[in-house]
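K.L.:
compute the structure for the input listed below.
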Amino acid sequence: MAEHWFTCQQLVELITNYFEGALPPDEREQFERHLALCRGCGVYLEQMRSTLRLLGALNADDIPQTTQQELLAAFRGLGNTTDNR
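P.N.:
Got it, this is the predicted structure:
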């Protein structure tokens with residue numbers, strides 16, 4: 001059976017499931033294998049952990065409605081941009 005390796009984009013898309021323990025064991029293993037080999041994704045994972053730690057207690061009701069709408073619009077726009085790194 002050929003091994004499947006996650007791309008960085010796939011890892012980003014699955015990070016919430018990883019944090020929630022919702023990845024099947026084989027996907028979790030592939031996810032962690034990618035992390036072990038990709039410094040950038042390891043940094044990203046730690047940034048997400050820090051963000052969750054700092055904002056984890058934040059409730060949607062704590063965020064003004066206009067700010068929620070602005071954030072949603074910004075996140076939706078991320079899918080329409082090209083990474084020029």
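
K.L.:
list the buried ones in the longest helix along the chain?
P.N.:
Taking DSSP state H as the criterion, the chain has its longest helix at helix 39-55. By 16 or more other C-beta atoms under 10 Å, the buried positions in helix 39-55 come out as 41, 44-45. From N, CA and C alone the C-beta is placed, and that goes for glycine too.

K.L.:
where in the protein is pLDDT low?
P.N.:
For the chain, the stretches with pLDDT under 70 are 1-4, 57-58, 78-85.

K.L.:
please enumerate the strands of it.
P.N.:
With DSSP state E, there are no strands along the chain.

K.L.:
from the buried residues of helix 39-55, pick the one nearest V12.
P.N.:
Y44 (6.9 Å; C-beta to C-beta).

K.L.:
for burial, what's the neighbour tally of the closest residue to the closest one other than its chain neighbours?
P.N.:
Distance criterion C-beta to C-beta, 6 or more residues apart in numbering; nearest residue to Y44, sequence neighbours excluded, is V12 at 6.9 Å. Using other C-beta atoms under 10 Å, V12 has 14 neighbouring residues.

K.L.:
on that earlier part again, can I get the longest helix of the chain in CSV, CA atoms only?
P.N.:
Once non-C-alpha atoms are left out, helix 39-55 reads as follows in CSV (Å, rounded to 0.1, in the frame of the first residue of the first chain):
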residue,chain,number,x,y,z
ARG,A,39,9.3,23.0,10.5
GLY,A,40,6.8,25.6,9.1
CYS,A,41,3.8,23.4,10.0
GLY,A,42,5.3,22.8,13.5
VAL,A,43,5.5,26.6,14.0
TYR,A,44,1.9,27.0,12.7
LEU,A,45,0.7,24.3,15.1
GLU,A,46,2.3,26.1,18.1
GLN,A,47,0.9,29.4,16.9
MET,A,48,-2.6,27.9,16.8
ARG,A,49,-2.1,26.3,20.3
SER,A,50,-1.1,29.8,21.6
THR,A,51,-4.1,31.4,20.0
LEU,A,52,-6.4,28.8,21.5
ARG,A,53,-4.8,29.2,24.9
LEU,A,54,-5.1,33.0,24.8
LEU,A,55,-8.6,33.1,23.3
